[in-house]
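> Next come a sequence and a model predicted from it.
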Amino acid sequence: QVQLVESGGGLVQAGASLRLSCAASGGTFSRYAMGWFRQAPEKERELLAAISWNGASTYYSDSVKGRFTISRDNAKNTVSLQMNNLKPEDAAVYYCAASKSPFLPWGDTNYWGQGTQVTVSS
């Protein structure tokens, strides 16, 4: 069983940056591709970014491509999401997730974090 704990959310103004981090414990972190999802009120949870087990492959949704960067450190069991030029529409609860596979594209999700709130004021 893998536990995922996110941190780094908060309230920022439009145009600002935030860095989200996710710490994993209880399993072999490098066995999983990792991803970041978000869910805004009354919207479906969407995959924003994902990274393969060794960092060789990444995926970004069109909504964040060029603004967000995902990275991982297998030695520290962490995955991060650097978010630049934040927009009001980026406001949501952000979730860290571990895939059932080490590889991309993202398939089924094996584990979820509890989520961290990101609020962007205009």
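Nice, I can see it. Residues are numbered from 1 along each chain as shown.
> where does the closest residue to residue 109 other than its chain neighbours land on pLDDT?
In this structure, residue 109 finds its nearest non-sequential neighbour in residue 97, 4.8 Å apart by Cβ to Cβ, 6 or more residues apart in numbering. Bear in mind the C-beta positions are built from the backbone N, C-alpha and C, glycine included. pLDDT recorded at residue 97 is 98.
> Sheet-wise, list the partners of the helix or strand containing residue 97 with their directions.
Using DSSP states H and E, residue 97 sits within strand 92-99. Here strand 92-99 has these sheet partners by DSSP bridges: strand 34-39 (antiparallel), strand 109-112 (antiparallel), strand 116-121 (antiparallel).
> pretty sure the residue nearest to residue 109 is touching residue 33, no?
No: the criterion here is Cβ atoms under 8 Å, and residue 97 misses it with residue 33 at 9.2 Å.
> out of the two, which sits in the more crowded spot?
Set side by side, residue 97 and residue 33 show more neighbours around residue 33, with 28 against 22, by other Cβ atoms under 10 Å.
> So which elements touch the helix or strand where residue 79 lies?
Using DSSP H and E, residue 79 sits within strand 78-83. Under the contact definition 3 or more Cβ pairs under 8 Å, 6 or more residues apart in numbering; DSSP states H and E, strand 78-83 sits against strand 18-25, strand 34-39, strand 46-51, strand 68-73.
> Alright, that wraps it up for me.
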